[in-house]
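In: Quick one, what's the 3D model for this:
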Amino acid sequence: MSDFAGEMRAAALRWPMHEARLVRLVESGRCPRSLLQKMAARLFQLARRFTGDLAHLAELAPGADLKLFLIGNLLEESGTRIVPGQGLRLDADAVHLNWARAFARACGLDDGALEERIARAPAIDYGWFDRALERRDWLGGTGYLLAQEFNTPRTLAPMLRGLSGMGFGAEDLTFFSVHIVDDEQHGGDGLALLAREATSAGTRAEVLAGIEHGAYDWWQAHN
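Out: Below you'll find the model as predicted:
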């Protein structure tokens with residue numbers, strides 16, 4: 001691991017996600033149903049927005065390696081598979097948004113109630129990230145999202161333990177179990193790509209700023 005890759009990793013992992021208040025409450029198995037419903041609606045909001053953010057970054061990224069990485073992540077989130085001889089195929093059972101919907105249903109939110117709750121909730125505040133996109137700062141923007149993806153396993157793993165003990169089934173918790181594994185890989189691979197893309201002091205500062213803001217916003221969202 002290069003010195004800069006280690007610096008990025010340290011910045012991404014600055015906040016101890018297993019100690020965040022929401023994470024500890026869910027892990028304890030004593031999280032009230034009303035709060036679980038709020039969390040499920042927020043999770044669905046995040047999953048819905050994430051694919052659009054990946055597409056925006058893929059459009060901005062000039063390098064082929066990072067662009068392909070982002071597009072691959074987007075296809076995976078969308079449940080789209082490459083099938084030799086057939087092209088692209090949508091697998092509804094692999095759409096990550098559908099896994100988030102399944103968790104919401106298990107929390108007692110049907111599709112109508114889920115959309116109504118989201119309509120009443122405040123919009124996701126990605127102020128720093130949105131401003132990065134406005135100024136076409138693809139390095140900072142990618143760093144922001146990767147910091148959150150890198151922290152996802154450290155957030156969802158304790159929650160999964162608590163939710164499993166509360167009676168949620170494996171199908172209800174697919175979003176959690178898959179992202180615990182996949183996002184560890186995505187986060188590590190993405191940071192390695194950024195380490196190769198950011199070759200100057202200025203570009204490295206852009207990346208670190210994105211990672212620091214992404215990690216902090218993720219920490220705040222769970223406290």
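In: Setting aside sequence neighbours, what's the nearest residue to Leu97?
Out: Ala47 (4.9 Å; Cβ to Cβ, 6 or more residues apart in numbering). Quick note: C-beta positions are derived from backbone N, CA and C, even for glycine.
In: Check for me that that neighbour belongs to a helix.
Out: Yes - the assignment for Ala47 is a helix, going by DSSP: H, G, I helix; E, B strand; the rest coil.
In: Quickly note the distance from it to Ala104.
Out: From Ala47 across to Ala104, the span is 10 Å (Cβ to Cβ, to the nearest Å).
In: ok, the two, which is more surrounded?
Out: Ala104 (27 against 20; other Cβ atoms under 10 Å).
In: The closest residue to that one other than its chain neighbours: neighbouring residues, count only.
Out: Closest residue in space to Ala104, ignoring its immediate chain neighbours: Ala40 at 4.0 Å, by Cβ to Cβ, 6+ apart. A count of nearby residues for Ala40, using other Cβ under 10 Å, gives 23.
In: how far away is Ala40 from Asp110?
Out: 12 Å.
In: Do me a favour and get the backbone dihedrals for the residue nearest in space to the middle of the chain.
Out: Residue closest to the average C-alpha location in the chain (Cα atoms, centre = their mean): Glu149, at 4.3 Å. Backbone dihedrals for Glu149, given as degrees, to the nearest 10, come out at phi -70, psi -40.
In: Just to check, it is in contact with Gly190?
Out: Yes - counting by Cβ atoms under 8 Å, Glu149 sits close enough to Gly190 to count as a contact (6.9 Å).
In: Let me see the ranges of the helices in the protein.
Out: Using DSSP state H, the helices assigned to the chain run over residues 3-12, 21-28, 33-60, 64-77, 96-106, 111-120, 127-134, 138-165, 174-197, 201-221.
In: Pick the most buried one from those.
Out: With neighbours taken as mean count of other Cβ atoms under 10 Å, the helices of the chain reach their highest mean count in helix 138-165, at a mean of 23.
In: Could you pull up the mean pLDDT of that one?
Out: For helix 138-165, mean pLDDT rounds to 95.
In: Run through the neighbouring helices and strands of that helix.
Out: Judged by 3 or more Cβ pairs under 8 Å, 6 or more residues apart in numbering; DSSP states H and E, the packing partners of helix 138-165 are helix 3-12, helix 21-28, helix 33-60, helix 127-134, helix 174-197, helix 201-221.
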